[in-house]
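Participant: Sequence and predicted structure below; questions after.
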Amino acid sequence: MTAISRTWDQLTLPGKALAILVPLLLFLTAGAVITILLFGGIVWNAILDHLEIVRLFVAVLAIVLIFIPFAFVIIYMELKIIARMNLRIGPDRVGPWGSLMSLVPGLKVLTKEDFTPTKADAVVFTWAPVVVFATSVMSALVLPFAPGLFGADLNIGLLYFFAVGGMTVVGLLMGGWSSFNKYSLLGGLRSAASIISYEIPLTLSVVGLIILAGTMSLNTIVEQQAGWFTNWYAFRQPLAVVIFFIAATAEANRTPFDMTEADSEIVAGFATEYSGMRFGFFFFAEYVNVFIVSAITTVLFLGGWNAPIELPWHVAIDINPGAYGLGLLFIIALVPVLGTLILAAPIYAMRSKTRWWVALIVGFVLFNVVAAGLTLLWAYASFDVVAGLLWFLGKAFALVFVFVWMRGTLPRVRIDQLMGFAWKWLLPAALLNLFVTALAVIVVQQWKGGL
Amino acid sequence: MATTYPHGTHKSADDPHVLLDDEYGQYEPIPPYPPRTERELEFYTPGDGEMYLNMGPQHPSTHGVLRVVLKLNGERVVDIDPVLGYLHRGVEKLCENADYHQTISQLDPLEYISSLFCEWGPVIAYEKLLDVQVPRRAEYIRVLSGELNRIASHALFMGWFALDLGGLAPILYSFIERDEIVEMLAALTGQRMLFNYFRIGGVNGDLNHDFLSRLGDWMSRAGKQIETNLALLNENEIFVRRARGLGTIDREAALRLCMTGPNIRASGVPFDVRRAHPYSIYPEIDFEIPTRSEGDSLARYLLRMDEVKQSLRIIDQCLEQMPDGPIMAKLPRLLRPRPGRAWAAIEGPRGMYGAYVISDGTDQPFRLKIHDPSFIHLQAVGALLPGHLLADTMAIMASLDPVMGGVDK
């Protein structure tokens, strides 16, 4: 026993981790193999029988997982862009250009104490972050990321989005109420007031779009905007875009409407008493919300996955690796080596000081960059999914940039100004937009019918 | 004075004056003793639908360690009870046990944002007691460094005010200017914040190359830079809409509260100690006293920014007219002023700093009373806040620009 414990003590931390993980993995693999051999057929048949349900489960899992890197990217964007706007450098230590910086607070919240205050309503307190996170992520289930790449294509997709997205306020109110803290309470009530007020112009502003589109399925709405960018609904419903974007900012609790967590007034609002991973959930949900709001604006008004211009010629790169036969092996073996050498040669020749191995390393990195770029180009030209995903993410992150920009620039509005703006300006404007759109549709139909 | 009870042990039955039962008192910002005054009884008796909110001393934006108990109705402030003394260091008492030179370094941290002005008032008062004529070059250096410190203080005010209204960027832009000035003054005085630079009868060191080169570098672009920074806020619709009409105080009320400095000038009273009771070389310098009549937070903010421009003018003139000569008057090392009393007032970035000294003929002041504008202005908060929203409390407080070091002394 002593021998084992001494050996164990001498191991480094990675060594200890490996000593646990490797046997565990072996054990699990053996178990999985045996299970598949014994019950594989039954399970496979069950999966085949209920493919729709399995697809939904996989989609839900994928959406929950995909938003973690998205949130990290947005946090990094916010750190870096606001730093640049404030004439600072921002994070530059963790990872290249500080790009792994957002992982550090992510890991930090995991290690912190999960604290529940005295007199807090423990059950509600625990479930509030779950509700907030789950609702914001689940509202993304209907988002079409690319042709054929979506969680679920509901015929009431937009309605689902607003319904589930609006549930966030329940979570915020739960957190604010159960914390046993007046700052939290004020934050929760503020969020309830502002989100419910802004829900109305938000929903009304897209009713005109629904009249034009004739459907609430987000996939169909995106398909209707195919072709040149003039087909986007942003150009047919210009007022609606503005109303929608402003109301969505308030929905996502972002500056200048971040009354909910106004740090100079009510400390951190509903999240004042939260610590550890529960706070992490709130924090995540905020950034996930930013992305989702940008994404839904993209889908509804900016053409979703469609490219803004329609190329007059059709680019198709037809590569059939099977046709090369044995030559393929030679290509796979030789191209990396040759590419590295070719790219390293000028770097070695340019400066006599450069060591040969430094040149080789630089050449290898360059080759990888070039290869990745070429692969991406090929994938973009060959697969609609890749092209659509790139356009969709590009547009969505451009809008995320606008959110970050607003946060870096604008002060916060007061709660009465916030409410006044929603009820006195946005709501009438949304109603006007709806009225004009409906009138135009009727007139056009009458005119066509008359002909 | 009633006995202080540990939390949760006092019972209403034991003491008829105890208003609140255990549970309530334990989690509310209510003193654990029965009310001592009529005012306490009135404030700590909650009306219908009212609640107490404890703000500070550890709150992100109370500008130091001010604690305010707010009585709220919804989000609207009904009444406030400021609790002072979290930063009390007994500076005045310390000064009674230090000799005249040592008091200057004791007085520095009173207002850590604009330390030179904390030194300036007492130093003039001591000079009055000693009948010292300060060399003209020393007076010019005092005015020059003082005006630089005023700009630094106002730059910080701009950032704070915007931060309390929720804007993140302005404080970082204003800190650029402040940092330049602070580094400049560090080159002159040897310290970044607590300068300890003025001496009885002059200043500690002459202008040096480091200071002058930094100053010339900064002055060449200061005007333009400040205009750029101001555009960040003055042209921001949200900022202007929030600051306008916020915490309005009219002329009579401001006079009744004994307000001075930018706060009273924003209410339409053109009172500036530099012109009203001239000291140092200010009579020889050409500058205006900006005045506004609105009396709201926006006016107070804009007025301070106008003052920055005037300060730049004063610095220009100081550099132009700077005479040669000594920077210290001839004085014995141990100062024993004649028995008597002296009062001196100067115009600081927050208002009138006054110093009242009583000498008993020894080398230590018998009594030193500091009249601090922050303390006077903080009184106005009680009159300004009720009726405003919770979101505005910090902004109104910031627009009065108090520094807790000066309030608690």
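Facilitator: The structure has been received and is ready for your questions.
Participant: Could I get the buried residue list for stretch A:348-368?
Facilitator: A:348, A:359, A:360, A:362, A:363, A:364, A:366, A:367 (16 or more other CB atoms under 10 Å in any protein chain shown). In this view, the C-beta of every residue, glycine as well, is placed from N, C-alpha and C.
Participant: Just the element for the third one, please.
Facilitator: According to DSSP states H and E, residue A:360 maps onto helix A:356-382.
Participant: any idea which helix or strand comes after that helix?
Facilitator: Once the chain leaves helix A:356-382, the following helix or strand, as judged by DSSP H and E, is helix A:384-409.
Participant: Send me the host helix or strand of residue A:212 as PDB with only the CA atoms.
Facilitator: Secondary structure from DSSP H and E places residue A:212 in helix A:207-213. Output of helix A:207-213 as PDB, limited to C-alpha atoms (Å, rounded to 0.1, in the frame of the first residue of the first chain):
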ATOM      1  CA  VAL A 207     -46.600  41.000 -37.900                       C
ATOM      2  CA  GLY A 208     -46.200  43.100 -41.000                       C
ATOM      3  CA  LEU A 209     -43.500  40.700 -42.100                       C
ATOM      4  CA  ILE A 210     -45.700  37.700 -41.400                       C
ATOM      5  CA  ILE A 211     -48.400  39.200 -43.600                       C
ATOM      6  CA  LEU A 212     -45.900  39.600 -46.400                       C
ATOM      7  CA  ALA A 213     -44.400  36.200 -46.000                       C
END
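Participant: Other residues contacting that helix?
Facilitator: A:158, A:216, A:220-221, A:224, A:233, A:236-237, A:240, A:300-301, A:430, A:433-434, A:436-438, A:441 (CB atoms under 8 Å, 6 or more residues apart in numbering or on different chains).
Participant: Return the helix or strand in chain A with minimum mean pLDDT.
Facilitator: helix A:263-266 (a mean of 72; mean pLDDT, DSSP states H and E).
Participant: following that helix, which helix or strand shows up next?
Facilitator: Downstream of helix A:263-266 (by DSSP H and E), the next one is helix A:276-301.
Participant: Mind giving me the packing neighbours of the helix holding residue A:360?
Facilitator: helix A:327-350, helix A:384-409 (3 or more CB pairs under 8 Å, 6 or more residues apart in numbering or on different chains; DSSP states H and E).
Participant: want to throw the ones you listed into a markdown table with distance to residue A:194?
Facilitator: Below are the helices and strands packed on helix A:356-382 laid out as a markdown table (distance: least, CB to CB, whole Å):
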| stretch | distance to residue A:194 |
| --- | --- |
| helix A:327-350 | 55 |
| helix A:384-409 | 16 |
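Participant: Among those, which one carries the weakest average confidence?
Facilitator: Mean pLDDT per stretch puts helix A:327-350 lowest among those, at a mean of 82.
Participant: Report the contact partners of residue B:129.
Facilitator: Residue B:129 touches B:337, B:338, B:340, B:342, B:357, B:359, counting by CB under 8 Å, 6+ apart.
Participant: And for residue B:329?
Facilitator: So residue B:329 contacts B:132, B:133, B:134, B:135, B:138, B:201, B:202 (CB under 8 Å, 6+ apart).
Participant: Leaving out the residues flanking it, which one is nearest to it?
Facilitator: Nearest in space to residue B:329, with sequence neighbours left out and distances taken as CB to CB, 6 or more residues apart in numbering or on different chains, is residue B:201 at 3.5 Å.
Participant: returning to what we had before: could you point out the helix or strand that follows the helix holding residue A:212?
Facilitator: Using DSSP H and E, the first helix or strand after helix A:207-213 is helix A:218-224.
Participant: What residues of that following helix count as buried?
Facilitator: Applying 16+ other CB under 10 Å to helix A:218-224 flags A:218, A:219, A:221, A:222, A:223, A:224 as buried.
Participant: Residues of the stretch 301-409 of chain B that sit close to chain A?
Facilitator: With CB under 8 Å from any CB of the partner chain as the criterion, the stretch 301-409 of chain B meets chain A at residues B:389, B:390, B:391, B:392, B:393, B:394.
Participant: so the fifth one sits in a helix?
Facilitator: Yes. Remark: residue B:393 belongs to a helix, assigned using DSSP: H, G, I helix; E, B strand; the rest coil.
Participant: and the gap between it and residue B:348?
Facilitator: From residue B:393 across to residue B:348, the span is 25 Å (CB to CB, to the nearest Å).
Participant: in chain B, what spans have low per-residue confidence?
Facilitator: B:1-26, B:60-62 (pLDDT under 70).
Participant: Kindly recompute the last result at 50.
Facilitator: B:1-10, B:12-13, B:16, B:19-21 (pLDDT under 50).
Participant: what's the neighbour count on the closest residue to chain B within chain A?
Facilitator: Here chain A gets closest to chain B at one residue, residue A:412, 2.7 Å apart by CB to the nearest CB. By the measure other CB atoms under 10 Å in any protein chain shown, the count of residues near residue A:412 is 25.
Participant: Contacts only, for residue 398.
Facilitator: No chain in the question, so chain A it is. residue A:294.
Participant: Chain B, not that one
Facilitator: B:61, B:63, B:157, B:160, B:161, B:164.
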